[in-house]
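In: here is my input, please return the structure:
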Amino acid sequence: MRSLLPFVVLSLWCSSTVAVPATGAEQAIFQLKNALTSDKPDVTKYLDEAKQSILKGKENLEKWYHSGSQYIKQDGLLYELVSHSAFSQHQLRVTEPNLCDPSVKQYSGFLDIAQDKHLFFWFFEARTSPETAPLVLWLNGGPGCSSSTGLMFELGPCNVANEGADTTINDHSWTTQANIIFLDQPVNVGYSYADEGTTVSNSPIAGQDVYAFLQLFFAKYPKYASLPFHIAAESYGGTYAPNFASVIHQKNKALSLAPVPGVKHIHLNSIILANGLTDPYIQMASIPDYACEGPFPIYGGPEDPRCAALKTKVPTCQRLIKSCYSYNSRFTCVPAQLYCNTQLFGPLMQTGLNPYDVRLKCDRATDGDLCYKQMGWIETWMNNPQHKAALGVNPSQDFAACNMEVNQAFTMQGDGMHRAAALLPELIESGVRLLVYAGNADLMCNYLGNERWVHELETSFQPEFSKTKAIPWVTNGSGKLAGEFRSAGGAGFTAGNVTFVNVYDAGHMVPHDQPEAALVSPLGFLRDPSSLPRVFA
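Out: Below you'll find the predicted structure:
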């Protein structure tokens with residue numbers, strides 16, 4: 001099973017208005033359930049004196065109002081409770097931590113869904129001009145991997161250090177210029193949890209909960225509702241993000257026809273896909289090309305018999321994926337996912353290389369199943385009871401960077417073989433911009449496949465994009481050749497409507513491997529400066 005794990009986990013990865021609380025019988029059942037689990041350790045000792053004073057003498061699940069806001073004591077922790085009349089099955093529980101980067105405003109807590117699902121979020125204001133900075137929703141992939149990977153190992157305001165005992169400030173964090181929400185979804189990922197083993201196993205359903213979360217977040221913090229909103233997603237997020245963006249777009253269209261009091265239009269501005277899995281038919285076929293003729297060849301070259309053997313697997317893989325595209329059924333999509341993963345990725349996993357950065361070896365005994373020992377460090381930091389209490393997480397709750405049960409649930413629905421790219425043309429034609437970037441040392445969601453599907457994307461910008469030549473990209477700070485890019489739209493004066501960036505000397509997690517380049521390129525795209533050279537320079 002250990003040897004199968006890397007290609008089951010297609011990525012890290014590729015692989016306010018106020019929700020209405022339960023009342024009457026529902027609330028009685030909820031309280032009884034909590035009482036039956038009241039042997040949990042006292043967590044108030046982890047709270048600061050002010051919160052301890054507020055909670056003293058209050059019963060668990062007690063609610064009260066103060067200065068126009070509603071609060072709740074739950075699991076010994078203090079939350080502000082946020083509800084919305086249009087989302088009666090959802091509510092937010094919010095607290096204000098002071099971790100990771102104490103210099104900025106933070107919010108964290110849970111989106112409660114129908115009293116049995118709970119999604120964890122952690123928000124950081126931008127370090128500069130948060131009132132005008134863009135708002136970004138960051139998602140990691142897996143499926144089943146926590147956004148803490150992006151937060152503490154890539155683009156977040158702090159980096160995990162000292163084997164999980166500490167963090168250090170990340171000077172290249174995207175929070176330098178953007179407000180960012182890190183969201184653990186679906187349920188049972190990271191700190192997110194379900195009361196009765198409930199789970200979500202496909203991206204469209206997960207998108208409905210994300211939309212409700214955003215509406216409650218904006219209801220509580222309306223100053224962010226008017227900002228340009230962007231979805232940025234890595235790896236399997238290349239499947240999540242188009243689905244979530246499509247839900248937002250469709251909801252926006254419905255609101256324009258029939259406004260709902262308190263429900264806000266979300267200013268969806270762009271989608272950023274980082275080493276994503278978005279069009280499997282094209283991307284799976286690129287694996288032999290990357291392994292045999294890419295910038296860091298895994299085999300000896302095109303004449304290597306192992307390359308020829310790998311290429312023989314492509315026609316069957318594509319035939320199965322095409323059937324999945326045509327019938328959109330788990331009975332066609334699961335066989336495609338299992339065949340393509342085992343037959344194309346399987347042989348490459350036996351090389352001993354890190355599939356997320358083929359420049360590196362991977363010793364899973366010391367580096368972990370995902371080839372990065374820092375994943376274990378993150379788990380150590382996130383499982384510190386004091387950190388949990390500060391974030392509004394019950395200290396008795398366990399944190400895991402990736403949940404294999406969630407991963408397998410998505411796998412057994414064939415979710416990763418759906419063509420999320422099919423959702424993008426309508427969004428792009430409506431004015432939502434697309435940026436796809438990929439590190440050229442990543443095997444799992446390689447840059448060749450990503451560039452090819454962007455090239456084939458059928459939009460009004462496709463003819464222009466197909467004619468573009470790759471342009472060298474040199475960073476301003478170091479003057480280093482960081483990669484190359486292609487872009488269509490914007491008449492050569494803005495960031496463009498469809499853009500692809502190949503990032504040199506970076507693996508699956510570009511912000512970790514090339515922090516300067518990752519800070520400049522996506523954030524330049526978000527802010528849409530006056531010229532392309534400034535966006536990618």
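In: which residue lies farthest from the center of the chain?
Out: Within the chain, the residue lying farthest from the chain centre (Cα atoms, centre = their mean) is Gly57, at 39.6 Å.
In: separation between that one and Trp64?
Out: Note on Gly57: its distance to Trp64, by Cβ to Cβ, to the nearest Å, is 12 Å. Where C-beta positions appear, they are placed from N, C-alpha and C, glycine not excepted.
In: what does Leu227 give?
Out: 32 Å.
In: quick one: which of these two has more around it?
Out: Leu227 (20 against 12; other Cβ atoms under 10 Å).
In: sec struct for the more buried one, please.
Out: Secondary structure, DSSP: H, G, I helix; E, B strand; the rest coil: Leu227 is coil.
In: neighbours of the spatially closest residue to it that is not a sequence neighbour, just the number please.
Out: Setting aside the residues directly before and after it, Leu227 is nearest to Leu135 in space (Cβ to Cβ, 6 or more residues apart in numbering), at 4.5 Å. Look at Leu135: counted by other Cβ under 10 Å, it has 27 neighbours.
In: what residues are up against the most centrally placed residue in the chain?
Out: Averaging the C-alpha coordinates of the chain gives a centre point, and the residue nearest to it by Cα atoms, centre = their mean is Leu139 (1.1 Å). Leu139 makes contact with 147, 150, 183, 185, 231-234, 237, 240-241, 244, according to Cβ atoms under 8 Å, 6 or more residues apart in numbering.
In: possible to save the residues you listed as TSV with distance to Leu81?
Out: As requested, the contacts of Leu139 are arranged in TSV below (distance: Cβ to Cβ, whole Å):
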residue	distance to Leu81
Ser147	23
Gly150	28
Leu183	19
Gln185	21
Ile231	27
Ala232	29
Ala233	29
Glu234	32
Gly237	30
Tyr240	28
Ala241	29
Phe244	25
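In: determine which two of the residues you listed are furthest apart.
Out: Farthest apart among the contacts of Leu139 by Cβ to Cβ are Gly150 and Phe244. That separation is 15.5 Å.
In: show me where the stretch 201-350 of the chain has helices.
Out: For the stretch 201-350 of the chain, the helices defined by DSSP state H, counting those that start in this stretch cover 203-220, 237-257, 280-285, 287-293, 305-311, 314-327, 330-340, 346-349.
In: what's the most buried one of those?
Out: helix 280-285 (a mean of 24; mean count of other Cβ atoms under 10 Å).
In: neighbouring contacts of that helix?
Out: 277, 314, 317-318, 321-322, 325, 336, 340, 344, 416-419, 445-446, 449-450, 452-453, 456.
In: so for that helix, mean pLDDT?
Out: For helix 280-285, the mean pLDDT works out to 98.
In: just to revisit the earlier point, which one among the contacts of Leu139 sits at the bottom for pLDDT?
Out: Gln185 (83).
In: quick one: it and Phe123, what's the gap?
Out: Taking Cβ to Cβ, one finds Gln185 at 14 Å from Phe123.
In: where does pLDDT dip in the chain?
Out: 1-41, 197-203, 491-495, 521, 523-537 (pLDDT under 70).
In: where do the strands sit along the stretch 1-150 of the chain?
Out: Listed in chain order, the strands of the stretch 1-150 of the chain (DSSP state E, counting those that start in this stretch) span 63-66, 69-74, 77-83, 90-95, 106-113, 117-124, 135-139.
In: using a markdown table, lay out those together with distance to Glu303.
Out: Formatted as a markdown table, these follow (distance: least, Cβ to Cβ, whole Å):
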| stretch | distance to Glu303 |
| --- | --- |
| strand 63-66 | 71 |
| strand 69-74 | 64 |
| strand 77-83 | 62 |
| strand 90-95 | 57 |
| strand 106-113 | 54 |
| strand 117-124 | 50 |
| strand 135-139 | 41 |
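In: burial of Arg359, as a residue count?
Out: The burial count for Arg359: 14, using other Cβ under 10 Å.
In: can you give me the buried ones in the helix or strand hosting it?
Out: In the assignment (DSSP states H and E), Arg359 maps to strand 357-361. Across strand 357-361, burial judged by 16 or more other Cβ atoms under 10 Å covers 357-358.
In: next structured bit after that strand?
Out: Defined by DSSP H and E, the subsequent element after strand 357-361 is helix 364-367.
In: list the buried ones in whichever helix or strand comes after that next one?
Out: Downstream of helix 364-367, the first helix or strand assigned by DSSP H and E is helix 374-382. If you call a residue buried by 16+ other Cβ under 10 Å, then helix 374-382 has these buried ones: 374-379, 381-382.
In: what are the contacting residues of helix 374-382?
Out: 146, 148-149, 152-153, 160-161, 163-167, 190-191, 368, 387-388, 399-402.
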